[in-house]
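# Build me a model from this:
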Amino acid sequence: MAYDSDESGRVEVYAQSYPNASVKRWKVSPANGSEPMWTRGGRELVYRKGDSVMAVSVDLEKRPQRPPRALFRGTVS
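Predicted coordinates:
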């Protein structure tokens, strides 16, 4: 499962296994992020960071292997 939370004082994206919550949750966005969505294959997470849409590969057992990358930028209304 992926979600955003402002419990740290700013909005960040987190991932956690579901329904087995025994795998600890972890922060996906290194600096701000919101509105996470899984890609169709379920191996990548996309989220908004300001006016950018970011993507990161996700393996809940190994955590992200690479830092998030920008897919595109632009104003979304």
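# Quickly run through the sheet partners of the helix or strand of the chain with the lowest mean pLDDT, with directions.
Using mean pLDDT, DSSP states H and E, strand 26-27 stands out as the lowest-scoring helix or strand of the chain, at a mean of 84. Paired strands of strand 26-27, with direction, are strand 12-15 (antiparallel) (DSSP bridges).
# Quick one: distance of the strand it pairs with to the chain centre.
Mean-position distance between strand 12-15 and its chain equals 5 Å (C-alpha atoms, centre = their mean, to the nearest Å).
# Just list the residues touching the residue nearest to residue 3 when sequence neighbours are not counted, thanks.
Closest residue to residue 3 apart from its sequence neighbours, by C-beta to C-beta, 6 or more residues apart in numbering: residue 14 at 5.8 Å. Where C-beta positions appear, they are placed from N, C-alpha and C, glycine not excepted. With contact set as C-beta atoms under 8 Å, 6 or more residues apart in numbering, residue 14 has these partners: 2, 3, 4, 5, 25, 26, 27, 28.
# Among those, which pair sits farthest apart?
4 and 26 (13.7 Å; C-beta to C-beta).
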